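Chemist: here is a sequence together with a model predicted from it:
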Amino acid sequence: MAKRRGLWRSWALLLKGEILSVYFAARDPAAPRGPRLLALLVAAYALSPIDLIPDFIPVLGWLDDLLLVPLGLWLVLKLMPPPVMARARVRAQQLLARPRSWAAAAGVVLIWLLLAAVLIVWLVRYLDGA
């Protein structure tokens with residue numbers, strides 16, 4: 001069971017790196033227009049919280065993610081020139097290798113919570129006065 005979990009984790013990390021690489025390839029000015037547009041669409045769909053078929057629909061909700069994203073990645077990798085993908089993969093690896101700061105993430109969440117609290121207080125006072 002632990003071996004499977006490790007396999008899925010490594011596959012997910014590889015997929016994350018490839019999606020990020022496709023995003024960087026889409027932004028590379030040396031990329032041809034067609035593959036560049038396709039790469040942008042694939043990256044946007046893969047990173048978007050909005051799906052073609054919502055995930056709450058049994059089986060079909062996950063099927064679009066399991067088919068469309070890998071198929072789109074495969075197509076982009078076939079159409080994109082190898083030097084463009086090589087540069088994009090280097091940029092993706094550099095970004096993924098950077099250390100993450102949990103303190104900074106907590107600070108951002110704290111700021112959002114404070115802004116939400118201020119908005120709620122303002123709304124309550126505004127609605128009481130109306």
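Modeler: Yep, that arrived.

Chemist: hang on, isn't Asp28 packed against Pro83?
Modeler: No - look at Asp28 against Pro83 with CB atoms under 8 Å: they stay out of range, at 9.2 Å. (Each C-beta comes from the backbone N, C-alpha and C, glycine too.)

Chemist: so what's the residue most central in space within the chain up against?
Modeler: In the chain, the residue lying closest to the centroid (CA atoms, centre = their mean) is Leu47, at 3.0 Å. Residues near Leu47 by CB atoms under 8 Å, 6 or more residues apart in numbering: 19, 23.

Chemist: what about Leu38, which helix or strand?
Modeler: Leu38 belongs to helix 33-47 when assigned by DSSP states H and E.

Chemist: next helix or strand past that helix?
Modeler: As assigned by DSSP H and E, the chain's next helix or strand after helix 33-47 is helix 60-79.

Chemist: and that next one, what other elements does it pack with?
Modeler: Applying 3 or more CB pairs under 8 Å, 6 or more residues apart in numbering; DSSP states H and E, one finds that helix 60-79 contacts helix 2-26, helix 33-47.

Chemist: what angle sits between that helix and helix 2-26?
Modeler: 60 degrees (axes from the mean of the first three to the mean of the last three CA atoms, to 10 degrees).

Chemist: and the next helix or strand along the chain from helix 60-79, how far out from the chain's middle?
Modeler: The helix or strand immediately downstream of helix 60-79 is helix 82-97, counting by DSSP H and E. Counting by CA atoms, centre = their mean, to the nearest Å, helix 82-97 is centred 15 Å from the centre of its parent chain.

Chemist: just for the chain, where's the confidence low?
Modeler: 1-2, 4, 51, 55, 130 (pLDDT under 70).

Chemist: Leu60: what's it in contact with?
Modeler: The contact partners of Leu60, by CB under 8 Å, 6+ apart, come to Ile53.

Chemist: please consider this matter closed, and thank you.
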